[in-house]
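Novice: Sequence first, then the predicted structure, then my questions.
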Amino acid sequence: MAETLTVHESAKQRLAAARMWKDLWVLDFKECYFFCAPQRQRQVSSQTAPATQRLLDMPELYTDQAFILCADFVTELVNTYLPEAQRWVERGRGQDLPAQAWDQVKEQVQEDDNRIFEAIKASNFYSELPKAFYPDIAIGTSALWIDRSHPYKAISCLAVPLRELEINLGPDGEIDDRFVVRYVRNSSVRGVLGDELYGKLPKDLVDENNKRATARTQIVWGFWRKWEHEHDEVWQHVVMVKDQVIHEAEMRGEGSCPLVVCRFNPTADWPWGVGPMLQGLPTFRQIDELERQRTEHGELSLTPPITFPDDSFVAVEQGLEPGMAYPIRPGSETAIKPIYQVPPPEEGAYMYQEKLKNLRKLFYVDYPEQTGDTPPTLGQWLDEMARAQRRIGTPGMSFWREGPRSFFLRFKYLLERAGVILPLKVDGRVVSAMPLNPAQRAAEQQDIATATQYIQIAASGFPEEYRAAVDGTATMQAFAAKMRVLALIKFRPPEQVQQAVQMMSQLAALKQKAGAEPPEGAGAPGPV
């Protein structure tokens, strides 16, 4: 029988495996940072402390297109999946929850969802999200730490850069093992760990921290699923300081893990997502080289190399300055001439608008363009926008599940633990609702359009049968629920609706009768 690994041994093995996966991607990550964030830390490996000096190779970069495209992509992603003014997750009835049970808790779900989004807006979520996403989610993988230090304080979010993140795939093909590796100044170790965990440090580490305040200590926070718990989501949590586990605990429940890792366009082969920045590296290399060639060609055209007889001038090996006078021997005026005639630039070699257009398409920011002289109609424009949203929706399905859905569940877990919202219960038994993506509203809008068309056909073709068969109030409520405006529209009680319908029917009958009977004398012939 195989021996069971201790938590310490398992943590070290899982972290080593995650670092091995990352080593295969380090060069690609560094090149992405060179093009889109050269000022960022480009030492993305967590095995050594980050450098304290910046790389000074930014002058070697000739184009800023990666800056623009990554920023536009992050903006598009946030506005599509995480709009601040809208609820980007809504809970609905799960497949195992009977409809009668859902009717008992759906109002509580609506109220709790409102509280969850109020907590999201009250936190620093939207200010920290750009730090986590730019440019990491364009590269393919991003991480956000969501936790609260005290039950009465606002929930706090912290961006986790790629250099601190180590991840592994689990048995279900999704991100399982996840680690944050941070090199903290010894003077800040106590503040980062907190008094409770700092009190668990061995005496030799405490003495070292006190003696070398400016040195750095490696702190690792690790999480991985415990798959032996088949009917619940349980995470093993460890905290390591210099490879020594000083704390271990189990976290139970959906959303209990504070480290949320999300990927855009993940694959089944690697734990890291393959975002548009990684996919566009060949084109970024090409346009950067083309921009370099165009710059050098312009410099040659403005200051072409020349030849001169060395006995007719003073020293001009370093070139000629405008406005300066140089002595020349009489008779050698024509000896100064360019070495060769700089050829005119070739548009085919230096124009890369087509490459930029392809990159904008790759980054999902290829907004509809007017291709002809005639402006597009409103229908054509909306079709183009819907097509663009469908394109980002396909690779973004997994992003919504790992990102927005997990953010929502983490806030829900923290609010339940603080007692702000209560678990859903039916007949004393805890039930769960299913988080749904409101972005699927486009398909539902088609259902609404089809139903509207049917109502128009039925009402005009079979007016009596339509009025007798269709419940107007229930249909309107179904439309309002489908369009997610049920909370804004207030319906009268059924008895008031019935009274109003009867009064309007009587009024309509009186008007019809008055119009059918002309007043006395209205039809008599006048005098001839």
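Specialist: The structure has been received and is ready for your questions.
Novice: ok, Ala509 to Gln502 distance?
Specialist: Distance of Ala509 to Gln502, computed by CB to CB, to the nearest Å: 11 Å. In short, each C-beta sits where N, CA and C put it, glycine included.
Novice: How about Phe67?
Specialist: Using CB to CB, Phe67 is found at 67 Å from Gln502.
Novice: So for the two, which sits in the more crowded spot?
Specialist: Phe67 (16 against 10; other CB atoms under 10 Å).
Novice: per-residue confidence at the more buried one?
Specialist: Listed pLDDT for Phe67 reads 93.
Novice: ok, now Ala516?
Specialist: On the pLDDT scale, Ala516 gets 59.
Novice: And the next helix or strand past the helix or strand bottoming out on mean pLDDT in the chain?
Specialist: Lowest mean confidence among the helices and strands of the chain (mean pLDDT, DSSP states H and E): helix 347-350, at a mean of 55. Using DSSP states H and E, the next helix or strand after helix 347-350 towards the C-terminus is helix 353-362.
Novice: For that next one, buried residues please.
Specialist: Lys355, Leu356, Leu359, Arg360, Leu362 (16 or more other CB atoms under 10 Å).
Novice: try stretch 230-249
Specialist: Per 16+ other CB under 10 Å, stretch 230-249 contains these buried residues: Val234, Trp235, Gln236, His237, Val238, Val239, Met240, Val241, Val245, Ile246.
Novice: which residues sit against that stretch?
Specialist: Contact with stretch 230-249 is made by 7-8, 10-12, 189, 193, 197, 200-202, 205, 217-226, 250-254, 256-257, as judged by CB atoms under 8 Å, 6 or more residues apart in numbering.
Novice: So which of the residues you listed are in helices?
Specialist: Mapping those onto helices (DSSP state H) picks out Val7, His8, Ser10, Ala11, Lys12, Val189, Leu193, Leu197, Leu205.
Novice: Among those residues, show me the least confident.
Specialist: Ranked by pLDDT, these bottom out at Leu205 (84).
Novice: Find the nearest non-adjacent residue to it, please.
Specialist: Using CB to CB, 6 or more residues apart in numbering and skipping residues adjacent in sequence, the residue nearest Leu205 is Val241, 6.1 Å away.
Novice: And the one you found, how close does it get to Ser46?
Specialist: Val241 sits 15 Å away from Ser46, taking CB to CB as the criterion.
Novice: Poorly predicted segments of the stretch 51-200 of the chain, please.
Specialist: Low-confidence segments of the stretch 51-200 of the chain (pLDDT under 70): 151.
Novice: can you give me the strands in it?
Specialist: Assigned strands in the stretch 51-200 of the chain, in chain order: 90-92, 141-147, 156-160, 165-169, 175-185 (criterion: DSSP state E, counting those that start in this stretch).
Novice: what residues are up against Ser406?
Specialist: Taking CB under 8 Å, 6+ apart, we find Ser406 in contact with Gly255, Val260, Cys262.
Novice: Check Asp310 and give its pLDDT.
Specialist: Here, the pLDDT recorded for Asp310 equals 61.
Novice: try the one 10 residues further on
Specialist: In the predicted model, Leu320 carries a pLDDT score of 65.
Novice: mind checking pLDDT for Asp204?
Specialist: pLDDT recorded at Asp204 is 85.
Novice: which residues touch it?
Specialist: No contacts exist for Asp204 under CB under 8 Å, 6+ apart.
Novice: just to revisit the earlier point, closest one to Pro130 among the strands of the stretch 51-200 of the chain?
Specialist: For Pro130, the closest of the strands of the stretch 51-200 of the chain is strand 156-160, at 8.4 Å, according to CB to CB.
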